[in-house]
Structure formats: C-alpha cells, structure tokens
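The sequence and its predicted three-dimensional model are supplied below.
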Amino acid sequence: MNKKKKVFIVDTSVFLSGKPLHIEDATLITTSGVSSEIQPGGRDFRSFELLQEKGLMIESPSKQSLKEMKAIAEKTGDIMRLSSADLEVLALAYDFSKKENIEVIILTDDYSIQNVADVAHLVFQGFSQKGITKRFKWHWRCPGCGKQFNESISICSVCGTEIKTVRQRIQKLKK
C-alpha cells in the first residue's frame, strides 16, 4: 500500500508567528499572495527566504478553485474577513485535495480560513494556536434599527448606522 505524500499549504500567519517551522517528511507550499504579504527586511522575511532555500514552493491555485472557495466564503459570511492571499491558500489546498496519494493540510492560525476549510471539507491545523472548535455562520446587523442583512454592506439602508458583523449560527466541529 502506498503511503500518501503529505503536503502543507502554509498561510501568512505561520510566517508571521515568529516560531520556527520544522516539518519533516512533508512538502511545504504557499502562494504568491502569501509571499507578497511578507514584507522585505526583518526576521519574518529572512525566515521566509530560508524556507524557500530549503524547498518551500510557491504555486498558484486554479481559477475554478478560487471561484469555489470564494462562493463558500460568501455562504459562511467569512468573505469580508479573508484576503485574496487567504482565498489562494484555500483554493490551492482544494486543488491538491483532488490529487491521488496526497494528504493536504492547511497550516494556519487564521480562524476564517479554518472556518471555510471546514465547510469545504479541507483538513487544517493550527500552528501557534489550537484552532477552531466551532463552525460559524456570519451575518450583518444594524445596531441602530436591528435590521439584518444577508450580504456585507457598510451602512444601513434604513437608518444610516454602520453595520456590524455578528455570528448567526454556531456548530461544533466533528473532529
């Protein structure tokens, strides 16, 4: 029986944690969006360059997977909490999850990435933090008049108050 090749898709939060990344017997991959979030100069950038020298690969996700992850993030309400780099991480993990003999794990401390990954049935692992234990569905509510919205808007169309994001539904994860 063939052992699955382990692939970690690494998010920006891992590089910015300041902790060393020591993972044996696995391939480390990130995206160009994550790479662009690491500012030149400083400890984090030097660590990122060292990891590249040791085999960290930079790849791009498919446009179709980006579209699918964006749709899931819109359903969960996480879309406004995710950067384009975050969506790339999710989409790249989704691409790799379709490959045979690959065990793909998203390495991130970003709770919104973890929330969307769980809905998409992608495996994730926290790096500096434990990770989420509950899945959230977000919606938007006006604290002024109480009107609820299904999509993100910044100002209430009824009373003009700034809209707040609130948890609509909480579901425990099955781990």
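Arrived safely.

Now do the contacts for the spatially most central residue of the chain.
The residue lying closest to the centre of the chain (CA atoms, centre = their mean) is I113, at 2.6 Å. Contact partners of I113, counting by CB atoms under 8 Å, 6 or more residues apart in numbering, are D11, L82, D86, V89, L90, I106, F124. From N, CA and C alone the C-beta is placed, and that goes for glycine too.

Could you do E162 as well?
P143, S154, I155, C156.

From S157, how far out is the nearest residue to the last one once chain neighbours are set aside?
This points to C156. Leaving out its chain neighbours, the residue that sits closest to C156 by CB to CB, 6 or more residues apart in numbering is C142, at 3.9 Å. Per CB to CB, to the nearest Å, C142 is found 9 Å from S157.

Neighbour count for these two, which is higher?
C142 (20 against 11; other CB atoms under 10 Å).

pLDDT at the more buried one, what is it?
Note on C142: pLDDT of 87.

again with M1
pLDDT, read off for M1, is 56.

returning to that earlier point: what would the contacts of E162 look like in a markdown table with neighbour count and distance to D44?
A markdown table is the format used below for these (neighbours: other CB atoms under 10 Å; distance: CB to CB, whole Å):
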| residue | neighbour count | distance to D44 |
| --- | --- | --- |
| P143 | 12 | 37 |
| S154 | 8 | 31 |
| I155 | 11 | 36 |
| C156 | 20 | 39 |
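
Give me the lowest-pLDDT entry from those.
S154 (83).

List the contacts of that one.
E162, I163.

Please apply the same query to L82.
A73, L90, S112, I113, V116.

T108 too?
With CB under 8 Å, 6+ apart, T108 has these contacts: V10, D11, S13, V14, V89, Q114, F124, Q125, G126, F127.

and V158, helix, strand or coil?
In three-state terms, and counting by DSSP: H, G, I helix; E, B strand; the rest coil, V158 is coil.

Isn't it up against F149?
No - with contact defined as CB atoms under 8 Å, V158 does not reach F149; the gap is 10.0 Å.
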